[in-house]
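> pasting the sequence and the predicted coordinates here, then a few questions.
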Amino acid sequence: MINYSHIVRKKIANSKIIILEDFLKESFYEKIAEEITWLQKNKKSDKNFTFNKKIIKKEFTNYNKFGKNQKKLILLLNSKQFKIFLKKELKIEFSIFPEKSKMFSGFNIAEKGSYLRPHADFNFNNHIKKFRTINLLLYFNNNWKKVFGGNLSFYNYRNLKKKYEFTAKKNRAIIFLTNKYTIHGYRKIKSAQYRISLNFYYYTNENLSFDKKPHKTIWR
């Protein structure tokens with residue numbers, strides 16, 4: 001159900017970025033998209049982000065709330081085959097561990113006005129005592145245009161000049177090594193259309209973040 005045939009590879013500082021187009025089989029993608037709509041309408045979000053007292057982003061991170069196909073997707077991302085793919089592409093020698101439910105991985109639904117400042121991710125998860133190493137972002141946005149905003153951008157570590165910008169378009173997966181040099185974020189959403197993504201994270205026992213000590217998110 002995962003398509004490995006359309007891969008683009010990029011580099012930034014001490015990191016690798018992989019873009020996979022048409023990541024999921026179309027019929028599987030559509031079933032998940034329907035379940036995300038159902039999730040949004042029928043389940044209370046696990047975390048809300050507000051601006052001027054208005055909710056602009058919701059996160060659903062509880063696996064038990066997910067629909068059948070959403071759960072199937074999570075299992076695929078946990079599969080031995082996919083982890084082997086990630087380790088090979090990202091040149092990781094160590095074991096990788098997908099994040100557990102009710103933590104940070106899950107479906108994000110962002111509204112007009114939502115944005116994410118340039119930052120380096122936190123590098124250590126205190127709950128599971130492991131280092132955050134890989135981010136996987138999968139978009140569920142039909143007919144998304146660059147002018148809508150909300151596109152994932154990567155920045156130069158030293159001067160914060162934008163190096164790459166990837167449109168948050170339908171069925172595109174962006175996977176990258178997350179460390180102190182992988183400064184990323186997205187500019188304010190200008191469209192009334194929801195920006196929907198699965199944000200999924202992997203960890204290692206080894207610290208590959210280029211920071212000697214555990215730290216929280218570093219905003220730039």
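Nice, thanks for sending it over.
> hey, where'd the helices end up in the protein?
Along the chain, counting by DSSP state H, helices occupy 26-42, 68-78, 80-90.
> tell me which of those sits nearest to residue 58.
Across the helices of the chain, residue 58 has its closest neighbour in helix 26-42 (7.2 Å, CB to CB). All C-beta atoms are positioned from the backbone trio N, CA, C, and that covers glycine.
> and that closest one, how far out from the chain's middle?
With CA atoms, centre = their mean, to the nearest Å as the basis, helix 26-42 stands 17 Å off its chain's centre.
> identify the residues contacting that helix?
With contact meaning CB atoms under 8 Å, 6 or more residues apart in numbering, helix 26-42 is reached by 1, 23-24, 58, 60, 65-70, 72-73, 107, 109, 140, 142, 170-171, 196.
> mean confidence score for that helix?
Helix 26-42 comes out with an average pLDDT of 97.
> next: stretch 184-198.
The predicted model assigns stretch 184-198 a mean pLDDT of 97.
> and that stretch, end to end?
Taking CA to CA, to the nearest Å, the first and last residues of stretch 184-198 lie 16 Å apart.
> quick revisit: distance to residue 154 and mean neighbour count added to the helices of the chain, as TSV?
Output for the helices of the chain, formatted as TSV (distance: least, CB to CB, whole Å; neighbours: other CB atoms under 10 Å):
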stretch	distance to residue 154	mean neighbour count
helix 26-42	25	15
helix 68-78	22	17
helix 80-90	15	14
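> need the ones you listed in a markdown table (columns: distance to residue 149).
Formatted as a markdown table, the helices of the chain follow (distance: least, CB to CB, whole Å):
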| stretch | distance to residue 149 |
| --- | --- |
| helix 26-42 | 20 |
| helix 68-78 | 26 |
| helix 80-90 | 28 |
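> so which elements touch the worst-scoring helix or strand of the chain on mean pLDDT?
One helix or strand of the chain scores below all others by mean pLDDT, DSSP states H and E: strand 47-51, with a mean of 90. Packing partners of strand 47-51 (3 or more CB pairs under 8 Å, 6 or more residues apart in numbering; DSSP states H and E): strand 54-60.
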